[in-house]
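> Below are the sequence and a predicted model; questions follow.
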Amino acid sequence: MARSTMRIARTANVYQYTRLDTKKQQIRLLKLSRPPSAANVLPDRNMIHCELETFDLDTVPEHIALSYTWGDASNNQHIIVGNKAMAVRMNLFDFLYAFRSDDANIRHLWIDQICINQQDTAERNHQVRLMARIYSGCIYVIAWLGLSSSRAARRYSKIRNAANTKAILENRYFTRLWIVQEVLLPKEARILCGDTWIHWDTLKQAALWADYLEHPTLRQVTWLLTNRYAHSEHIEPGYKHLLVNMLSQFSGMGCEDPRDKLYGMLGLVSEELRPVVNYDNTVEQVYLDTMRMLGVWHCLHASNWWWQDLPLRMGVSLAHVVSMQPFITDLLACGRQPIETLPFWTLHMGYEKADSKYHGLGRWWYECGGVRHYYDCIMGASEDSEAVLWSLLDATSERGSR
């Protein structure tokens, strides 16, 4: 495909977002223009043109949501929004280029990279809280697997054997944590690879037939494929999953921002139990929010090993995780006191960054019985400390199994 490039000479030519009214729960939707006809020889014929429109979520028109991987942050291309330029990552540009000529391009699109002002933290916080409604309310979601799977998709559409199915399921898209809620919440999901559409249920049946349950990564994909059907067809509207189950199964999946290990699955849990989404919080603070949520759900029966493995899954650094072994053990012991005596989720706990008064990497703390307990983070965590960490986890697991 021929691609045009464009240099942005002046800031005035760059698209500037208009603020959303958060009280009205507003969102933006994208309307993608079809390409000019072949007879049109304008220099920018290959440039992508679109419009952004603002709607109240309660009166939003029918829209299609996109589920995709963002891709390399250094590989960008420009599109035209209105008459202004906006930089998007190459994988999204590829989708817009492929989809604009598709027969399905008749409705508005919701795409997080464009419809959310990613430079406005307050807006990101607000829009992430609305994602459950956005994806639940779309007419269907497109799972974009990119151009790299185009050949595999064409082969799969002709011959649905194990090798071709495996080539599709090993796409990087299926390693991304955000896709869990993005494909479970909508009424319908469709898969697009380049210019080839794949029916979700067809891929589900092929995955089950090929029996990939022995492969750890493909086991997650198979669960997602099969439970998308169960979630949309057999589970009552409004059903919510337990966060402890979602974290156990999917927190090992990838995301650019470790805080999204929690935020990326909030659409699947009860709204009243969701923490406030705040991208100003550190990874450590978000991890503590997760612990409080799980405490509300009385998940203290989970093994110490599970609790100590959780920060690793959520992207907390090794140096901080090593220091958490005694912190978690003591905290859970305190929290497991009779519930009427000391509810776990009312415990005061936190993380302090290093400052001029305290030397090191920082420290975890919690209060129990009016006493604050501190746990210093370890400087210079190395492979040796990683070995110590895993020996601690192994020992904890063994003790928990007796």
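Structure received.
> Where do the strands of the stretch 151-300 of the chain begin and end?
Listed in chain order, the strands found in the stretch 151-300 of the chain under DSSP state E, counting those that start in this stretch are 189-193, 196-199.
> Ranking the ones you listed by mean neighbour count, which comes first?
Each of the strands of the stretch 151-300 of the chain was given a mean neighbour count from mean count of other C-beta atoms under 10 Å, and the largest, a mean of 22, is that of strand 189-193. C-beta coordinates here come from the backbone N, C-alpha and C atoms, glycine included.
> Only C-alpha atoms, please: export it in PDB.
Only the C-alpha atoms of strand 189-193 are listed here, as PDB (Å, rounded to 0.1, in the frame of the first residue of the first chain):
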ATOM      1  CA  ALA A 189     -16.700  -9.500  18.500                       C
ATOM      2  CA  ARG A 190     -15.300  -9.700  15.000                       C
ATOM      3  CA  ILE A 191     -11.600 -10.300  14.100                       C
ATOM      4  CA  LEU A 192      -9.900  -8.400  11.300                       C
ATOM      5  CA  CYS A 193      -6.400  -9.300  10.000                       C
END
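> which helices and strands does that strand pack with?
Strand 189-193 is packed against helix 90-99, strand 140-146, helix 150-158, strand 196-199, helix 200-210, with contacts defined by 3 or more C-beta pairs under 8 Å, 6 or more residues apart in numbering; DSSP states H and E.
> looking at these, which is buried most?
If you average neighbours per stretch using mean count of other C-beta under 10 Å, then among the helices and strands packed on strand 189-193 it is strand 140-146 that wins, with a mean of 23.
> Sheet partners, orientation included, of that one?
The sheet places strand 140-146 alongside strand 63-67 (parallel), strand 189-193 (parallel), with pairing taken from DSSP bridges.
> returning to that earlier point: with residue 174 as the reference, name the closest of the helices and strands packed on strand 189-193.
Ranking the helices and strands packed on strand 189-193 by their distance to residue 174 (criterion: C-beta to C-beta) puts strand 140-146 first, at 8.5 Å.
> Not counting its own residues, what contacts that closest one?
For strand 140-146, the surrounding residues in contact (C-beta atoms under 8 Å, 6 or more residues apart in numbering) are 64-69, 71, 91, 94-95, 99, 135, 153, 168, 171-173, 179, 182-183, 185-194, 200.
> tilt between it and helix 150-158?
Strand 140-146 and helix 150-158 meet at an angle of 120 degrees, taking axes from the mean of the first three to the mean of the last three C-alpha atoms, to 10 degrees as the criterion.
> tilt between strand 140-146 and helix 90-99?
Strand 140-146 runs at 120 degrees relative to helix 90-99, counting by the same axes, to 10 degrees.
> what does the domain assignment say about this protein?
Using automatic domain parsing, the domains assigned to the chain come out as 11-233, 243-401.
> Which helix or strand in this structure has the lowest average pLDDT?
In the chain, the helix or strand scored least confidently by mean pLDDT, DSSP states H and E is helix 383-401, which has a mean of 38.
> these two touch, right, residue 278 and residue 125?
Yes: A contact is recorded between residue 278 and residue 125 when judged using C-beta atoms under 8 Å, the distance being 5.7 Å.
> in this structure, which segments are predicted with low confidence?
1-12, 36-45, 206-223, 225-241, 294-329, 331-347, 355-361, 369, 378-402 (pLDDT under 70).
> Swap in 50 and give it another go.
The chain contains residues with pLDDT under 50 at 1-6, 8-9, 39-43, 213, 234-235, 297-298, 338-346, 356, 359, 380-402.
> So which elements touch the one helix or strand residue 123 maps to?
In the assignment (DSSP states H and E), residue 123 maps to helix 121-137. With contacts defined as 3+ C-beta pairs under 8 Å, 6+ apart, the packing partners of helix 121-137 are strand 26-32, strand 63-67, helix 112-115, helix 179-184.
> What lies in contact with it?
Under the criterion C-beta under 8 Å, 6+ apart, residues 19-20, 22, 25, 27, 57, 60, 63, 65, 110, 112, 115-118, 141, 181-182, 185-186, 263, 266-268, 271, 274, 276-280 lie in contact with helix 121-137.
> how near is the residue nearest to residue 186 when sequence neighbours are not counted to residue 101?
Sequence neighbours aside, residue 141 is the residue nearest to residue 186 in space, at 4.2 Å (criterion: C-beta to C-beta, 6 or more residues apart in numbering). Applying C-beta to C-beta, to the nearest Å, the value for residue 141 to residue 101 is 20 Å.
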